[in-house]
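**Student:** Requesting a structural model of the entry that follows:
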Amino acid sequence: MDSSTSSPKPSFLERLSSLLLREPEDREQLLDLLHASYEKSLLDADALTIIEGALAASETAVRDIMVPRAQMDVVEADAQLPDLIRFVIDTAHSRFPVIGENKDDVLGILLAKDLLRSISEENFNLRDWLRPAVFIPESKRLNVLLREFRVSRNHMAIVVDEYGGVSGLVTIEDVLEQIVGDIEDEYDFDETEDHIRLDAAGRYRVKAQTELEDFNEAFGTTLADEQSDTIGGLVLHHLGRVPKRNEIVRIGPVTFQVLRADSRRLYTLLVDAPRQPASADTADTDQPDVPHGR
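**Tutor:** Got it, this is the predicted structure:
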């Protein structure tokens, strides 16, 4: 063979395979390899985000994402059934810690779906419907917790501090959102759509990040706040806290119903304003009816 003949240059796949065969020495090199794969269209943006989220989960502690003790929605063990059903509807959660004397005294977990079976009971006793509570330390890593959730089939854990006191709670959804991003529900709409959208019931859903100027122009209002640029910021500043799902907030001539929010952020609002926006999308018949005051 003629030594003067040069060997063909390796293809990108061959170069990538060579990189993969050489184990990255640290996390930074691994991320560089992943980003190089993304730039060469071997990974799409969603896949890259999930991989990065999974890597970050191994370094993130429960204390960083938990719902703090002060914001926990809990049920008292001596709650009567009518009051309990009303509370479950108002908060719109699927699981609730049940407490005795205070939030440090967690007796178990109530599943909202169990109340459907208990309604026909003449002598209702909440303690009979409790599931065992799982207690975890604040320092537990998310990847370990997710594995435990999968094995035990639990969806909620009570977080305790080094002294055994309850410091918060965490759900499997909280963990998954750290990996795959925010999990949408039936009231969410595509990021590419307008911030103001008409639903099938003839009501307007508005994203919290809608600019106040755009909101006022659409609804013919004059809402203003020196400390806020968005309609969500206005609501947060008006209340001084993050509202709960389905909470009603009235600011001037406008009534807002919170369609979606978590312990840290407001996402979507249902708006009842004096004037309907002419620029909003037409009714989407595929969207479910949005309940009032649930």
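
**Student:** Only C-alpha atoms from now on, for both contacts and neighbour counts.
**Tutor:** OK.

**Student:** Quick check: can you list the domain ranges of this protein?
**Tutor:** 25-59, 63-180, 196-272 (the TED database).

**Student:** Quick one: end-to-end length of stretch 252-270, please.
**Tutor:** One end of stretch 252-270 sits 15 Å from the other (Cα to Cα, to the nearest Å).

**Student:** if we can go back for a sec, now tabulate the domains of the chain in a markdown table and tack on mean neighbour count.
**Tutor:** Converted to a markdown table, the domains of the chain look like this (neighbours: other Cα atoms under 10 Å):
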| stretch | mean neighbour count |
| --- | --- |
| domain 25-59 | 14 |
| domain 63-180 | 16 |
| domain 196-272 | 18 |
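
**Student:** comparing these, which gets the lowest mean pLDDT score?
**Tutor:** Mean pLDDT is lowest for domain 25-59 out of these, coming in at a mean of 75.

**Student:** distance of residue 178 from residue 146?
**Tutor:** 11 Å.

**Student:** same deal with residue 217?
**Tutor:** Taken as Cα to Cα, the span from residue 217 to residue 146 is 45 Å.

**Student:** repeat for residue 63
**Tutor:** 14 Å.

**Student:** now swap in residue 82 and tell me
**Tutor:** 35 Å.

**Student:** likewise residue 255?
**Tutor:** Applying Cα to Cα to residue 255 and residue 146 gives a distance of 39 Å.

**Student:** got it, and residue 42?
**Tutor:** Distance from residue 42 to residue 146, by Cα to Cα: 27 Å.

**Student:** chain center to the helix or strand that contains residue 259: distance?
**Tutor:** Residue 259 belongs to strand 254-261 when assigned by DSSP states H and E. Centroid separation between strand 254-261 and its chain, computed with Cα atoms, centre = their mean, to the nearest Å, is 16 Å.

**Student:** Export only the CA atoms of that strand, formatted as CSV.
**Tutor:** Extracted in CSV, the C-alpha atoms of strand 254-261 (Å, rounded to 0.1, in the frame of the first residue of the first chain):
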residue,chain,number,x,y,z
VAL,A,254,-61.4,43.1,37.4
THR,A,255,-61.9,39.8,39.1
PHE,A,256,-59.2,37.2,38.8
GLN,A,257,-59.5,33.5,39.6
VAL,A,258,-56.3,31.6,40.0
LEU,A,259,-56.3,28.6,37.6
ARG,A,260,-52.8,27.5,38.2
ALA,A,261,-50.1,28.3,40.9
